[in-house]
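>>> I'd like to go over a predicted model; first the sequence, then the structure.
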Amino acid sequence: MSTLVTGGAGFIGSTLLSRLLAADDHVTVLDDLSTAEPDWDAGFHRELRDGRLTFVQGDVTDLPTVIDATAGHDAVVHLAANTDIPGGYLDPRPDLEGCILGTWNVAEAMRRHGVQRLSYASSGVVYGAAQRIPTDETYGSLLPESHYAAAKLAGESILSGFAHLYDWRVLAFRFGNTIGPASNHGVVHDLVVKLLRNGSRLAILGDGRQAKPYIDVEDLVEGVLQADRVAPDRPFATLNVATRGTLTVRHVAELVIEALDLDPRAVELVFTGAARGGGGWAGDTALVDLDAGVVRSMGWEPQRSAADAVRHAARGIRDRLLRSDAPLLTTAERRRERQPAETR
């Protein structure tokens, strides 16, 4: 197989690359490196030298770049997207461009080159405040609660249209919160950053009751690959990929404190208070609980529970940050550094 992976230098993408290359696939990565770690390619030097891995630095919002990168491939895994969900409140454009326009461009490039297989990274937040818990893929109507969630759902619709018109096989994966030692944003990363700066006081967005599924990135990638191997050959399907049940943010904080070998009695938890709708920020869906029974029926089962995934991620993030010379910044703090003053 020759596979194009958009966003392949990112957190999920790097894990997927390892698996594809281990299976002797030829892989092209298209990534603008905006969220990649500087050493994302450290483990791939041999594959880059022998030509089994090709890197193209570019943005999925640029159609000619995507068309050129897609040529000669059998399949596409489309991971590239804006990943700063809370940032969409102040600046919706990255969700429009990175998620909607980028997905359209990938589909159009596939159409031009006759590529007919695609795996798409959607999200469990497309369900919105679902009234059926846990939520399976048949649930509707879908009412997203953020620009990011709306853009991911729009991406699904775009791909469904292309798939039915051109006889493709598209799998849209609705992920739970994906974490691991290389996480460089999100709640576990931010909690570790805060505790490394001050091990006696931990500020937590929301009221601590927001609940989500947390899944280790290795388990998530295996779920995607297993579904790709055995899913029925029909134009379009949505598939939840998540652990069973949820963890509250308070519980996640307690697990991170434990993983960092801190005394929980010595750490003060300070909650900022629930935003509108009960989330940690405007547009945060307070409860996401995904029924991944369909992917499980295909022979997949996560190896780490949600709690084990949090512990594993927290320890790895701590070790990576302590080895780095980079400043200890949360996702929101990095966003403020990047934003023009007029949009802060």
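Ah, there it is. Numbers count the residues shown, from 1 in each chain.
>>> and Val5, how many neighbours?
Neighbour count of Val5, defined by other C-beta atoms under 10 Å: 29. Every residue, glycine included, has its C-beta placed from N, CA and C.
>>> three-state assignment of it?
strand (DSSP: H, G, I helix; E, B strand; the rest coil).
>>> so the closest residue in space to it that isn't next to it in sequence is in which element?
Among residues not flanking Val5 along the chain, Val77 sits closest, at 4.7 Å (C-beta to C-beta, 6 or more residues apart in numbering). Per DSSP states H and E, Val77 falls inside strand 75-78.
>>> what helices or strands is that strand leaning on?
Judged by 3 or more C-beta pairs under 8 Å, 6 or more residues apart in numbering; DSSP states H and E, the packing partners of strand 75-78 are strand 2-6, helix 102-113, strand 117-123.
>>> distance of Arg201 from Tyr166?
55 Å (C-beta to C-beta, to the nearest Å).
>>> typo on my end, it should be Asp319
Taking C-beta to C-beta, one finds Asp319 at 46 Å from Tyr166.
>>> if we can go back for a sec, mind listing what the residue nearest to Val5 touches?
3-6, 8, 16, 118-119, 121, 224 (C-beta atoms under 8 Å, 6 or more residues apart in numbering).
>>> Can you add pLDDT and distance to Asp41 and give the residues you listed back as JSON lines?
What follows is the contacts of Val77, written out as JSON lines (pLDDT from 0 to 100; distance: C-beta to C-beta, whole Å):
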{"residue": "Thr3", "pLDDT": "98", "distance to Asp41": "17"}
{"residue": "Leu4", "pLDDT": "98", "distance to Asp41": "17"}
{"residue": "Val5", "pLDDT": "98", "distance to Asp41": "13"}
{"residue": "Thr6", "pLDDT": "98", "distance to Asp41": "16"}
{"residue": "Gly8", "pLDDT": "96", "distance to Asp41": "10"}
{"residue": "Leu16", "pLDDT": "97", "distance to Asp41": "14"}
{"residue": "Leu118", "pLDDT": "98", "distance to Asp41": "24"}
{"residue": "Ser119", "pLDDT": "98", "distance to Asp41": "22"}
{"residue": "Ala121", "pLDDT": "98", "distance to Asp41": "20"}
{"residue": "Val224", "pLDDT": "98", "distance to Asp41": "21"}
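>>> Compute the number of surrounding residues for the residue lying closest to Pro181 once chain neighbours are set aside.
Residue nearest to Pro181 in three dimensions, not counting chain neighbours: Gly316, with 2.1 Å by C-beta to C-beta, 6+ apart. Neighbourhood size, Gly316 [other C-beta under 10 Å]: 18.
>>> Need the CA coordinates for the one helix or strand Gly316 maps to. CSV is fine.
In this structure, Gly316 sits in helix 306-323 according to DSSP H and E. What follows is helix 306-323, C-alpha atoms only, in CSV (Å, rounded to 0.1, in the frame of the first residue of the first chain):
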residue,chain,number,x,y,z
ALA,A,306,-9.1,5.2,30.5
ALA,A,307,-7.5,5.5,33.9
ASP,A,308,-4.4,3.6,32.8
ALA,A,309,-4.2,5.8,29.7
VAL,A,310,-4.2,8.9,31.8
ARG,A,311,-1.5,7.7,34.1
HIS,A,312,0.6,6.5,31.2
ALA,A,313,0.2,9.8,29.4
ALA,A,314,0.9,11.9,32.5
ARG,A,315,4.2,10.2,33.3
GLY,A,316,5.4,10.4,29.7
ILE,A,317,4.4,14.0,29.3
ARG,A,318,6.2,14.9,32.5
ASP,A,319,9.4,13.1,31.4
ARG,A,320,9.3,14.7,28.0
LEU,A,321,8.8,18.2,29.4
LEU,A,322,11.5,17.8,31.9
ARG,A,323,14.0,16.8,29.2
